[in-house]
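[1] Quick one: sequence and predicted model below, then my questions.
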Amino acid sequence: MRTHFIAIGGAAMHNLALALHEKGYNVTGSDDAIFEPSKSRLQAKGLLPAEMGWFPEKITTDIDAIILGMHAKADNPELLKAQELGLTIYSYPEFLYEQSKDKTRVVIGGSHGKTTITSMILHVMHYHNVEVDYMVGAQLEGFDTMVRLTADADFIVLEGDEYLSSPTDRRPKFHLYQPNIALISGIAWDHINVFPTYENYVEQFEIFISKITNGGILVYNENDPEVKRVAEAATNPIRKIPYHTPEYSVENGTTLLETPEGPMPVEVFGAHNLNNLAGAKWICQNMGIDEADFYEAIATFKGASKRLEKIAESSKNVAYKDFAHSPSKVAATTKAVKEQYPDRTLIACLELHTYSSLNAEFLKQYEGALDNADVAVVFYSPDAVKIKQLEEVTYEQIAKAFNREDLIIYTNPAEFKDYLFNLKPDSSGMALLLMSSGNYGGLNFDEVKKLV
């Protein structure tokens, strides 16, 4: 089968291209810019376009499927040519559904936690040598790609993103998968550039539940009031399984999870991660893994890339980076690190980087999000605001939104870096937490290791 990717360089798109190449498909693609690691990974398999740009002449009638990435625009020259020729055009999620129509589809949804939960499930399956297809939003230890598609696997595990499918398909991705087994981890308003009201955002999860196949299963986080309300209100013929944060304790920097066999040390920590673990356990049990086998496997799970990832540690100091950017995730992550290292000075640094976080109206949602930090720092780049064509966010608006008198705010990457590299930990030690979906205007995280 011949497939052509319009915008092949994206994190999700290039992984799908690699997966199809591995499956034996004839894969080509175009993009106007491709960055690392996508560039090297495509190059290694001979899939990197010879030159950057859009070339309508590449689009011919012998192409079986066009896969359209979010990075492409509706007036993309290659897309227009494909439409003119009447070729079959898929969005990324549409194509994944097409590839998994005959499998049991397990879809993990939620405003936060979905990458971690998907990663936990895949770790458990990998540990027990159970072959499953998958699509996950982070690079996992022991996995070559973020997408795997085969003819033989009975299950496919899909991270269910609520963002839009493609420039020509404005439906959220997770509306297209029609899960047999679904999970919702949490609902906290996000993507306000697409879902302008909280009610509109919540409605997407109601639709997601309605798409579960008749007789299917919904696993839901009953600790989240909105998830609980939406799940319990659903009337379609499905089985509902609630889960909640399990009992645990922290001793000398080690988290002990209560299990039927007694306390068990785990590598992940924080109430939100243990809540994710409880959801993953129910999914794995519905995929044929018994409870004891789940616990044996999950004890070795170290976390998904960029999700509360330890980047450096010494006898007194530790540094983590985390993808957290939504207010609820920032609050949960900050609390988790403080709980894990109660005697150390917690310096929590948050970069406002997404459309939502750089919106003056949405900023109010961050009140109290950094309250568990001993030192709270917020960084944002006025250049990022201009690039996203948003109204300028002022220093005063940020200070007022977080409602913390001692909040430290930086808008200059060099000044933030100077602050970071002149930190002087006291005798109690330091826990440094860097939260962002960006890189603080060019911070090299490898250099941060020198701080610790």
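    Happy to help now that I have it. None of these values were measured; they are calculated from a predicted model. Numbers count the residues shown, from 1 in each chain.

[2] Below-threshold pLDDT in this protein: ranges please.
    For the chain, residues meeting the criterion pLDDT under 70 lie at 139, 305-306, 354-358, 360, 383-391.

[3] In three-state terms, label the residue positioned nearest the centre of it for me.
    The central residue of the chain, meaning the one whose C-alpha is nearest the mean C-alpha position (CA atoms, centre = their mean), is residue 115 at 4.5 Å. Remark: residue 115 carries the secondary structure label helix [criterion: DSSP: H, G, I helix; E, B strand; the rest coil].

[4] ok now do it, which residues does it touch?
    The neighbourhood of residue 115, defined by CB atoms under 8 Å, 6 or more residues apart in numbering, consists of 136, 137, 138, 159, 304, 307, 323. From N, CA and C alone the C-beta is placed, and that goes for glycine too.

[5] Next: residue 409.
    Taking CB under 8 Å, 6+ apart as the definition of contact, the neighbours of residue 409 are 377, 378, 379, 395, 398, 399.

[6] Leaving out chain neighbours, which residue sits closest to it?
    What sits nearest to residue 409 in space, not counting adjacent residues and going by CB to CB, 6 or more residues apart in numbering, is residue 378, at 5.1 Å.

[7] and whichever strand or helix holds that neighbour, which strands flank it?
    Secondary-structure assignment from DSSP states H and E places residue 378 in strand 375-380. Partners of strand 375-380 in the sheet, by DSSP bridges, are strand 345-352 (parallel), strand 408-410 (parallel).

[8] Distance to residue 165 for those - can I get that in CSV?
    Supplementary listing: these in CSV, determined by distance: least, CB to CB, whole Å:
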stretch, distance to residue 165
strand 345-352, 27
strand 408-410, 36
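
[9] rewinding a little: tell me which of the contacts of residue 115 fall in strands.
    Among the contacts of residue 115, the residues falling in strands (DSSP state E) are residue 159.

[10] before we move on, the earlier item: who touches the strand holding residue 378?
    The set of residues that contact strand 375-380 without belonging to it, under CB under 8 Å, 6+ apart, is 345-353, 357-358, 370, 393, 398, 402, 404, 406-411, 413, 416, 419, 436, 440-441.

[11] Please, a ChimeraX command that selects the buried ones among those residues?
    What follows is the ChimeraX syntax selecting those of the contacts of strand 375-380 that are buried according to 16 or more other CB atoms under 10 Å:
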select :345,346,347,348,349,350,351,352,353,357,358,370,393,398,402,404,407,409,410,411,413,416,436,440,441
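
[12] rewinding a little: which stretch among the strands paired with strand 375-380 approaches residue 3 most closely?
    strand 345-352 (36.1 Å; CB to CB).

[13] With just CA atoms, put the closest one into PDB.
    Taking Å, rounded to 0.1, in the frame of the first residue of the first chain, the C-alpha atoms of strand 345-352 are listed here in PDB:
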ATOM      1  CA  THR A 345      13.700  23.600  49.700                       C
ATOM      2  CA  LEU A 346      11.400  23.100  46.700                       C
ATOM      3  CA  ILE A 347      12.100  25.600  43.900                       C
ATOM      4  CA  ALA A 348       9.300  25.200  41.400                       C
ATOM      5  CA  CYS A 349       9.800  26.900  38.000                       C
ATOM      6  CA  LEU A 350       6.800  27.100  35.600                       C
ATOM      7  CA  GLU A 351       7.100  28.300  31.900                       C
ATOM      8  CA  LEU A 352       3.800  29.700  30.500                       C
END
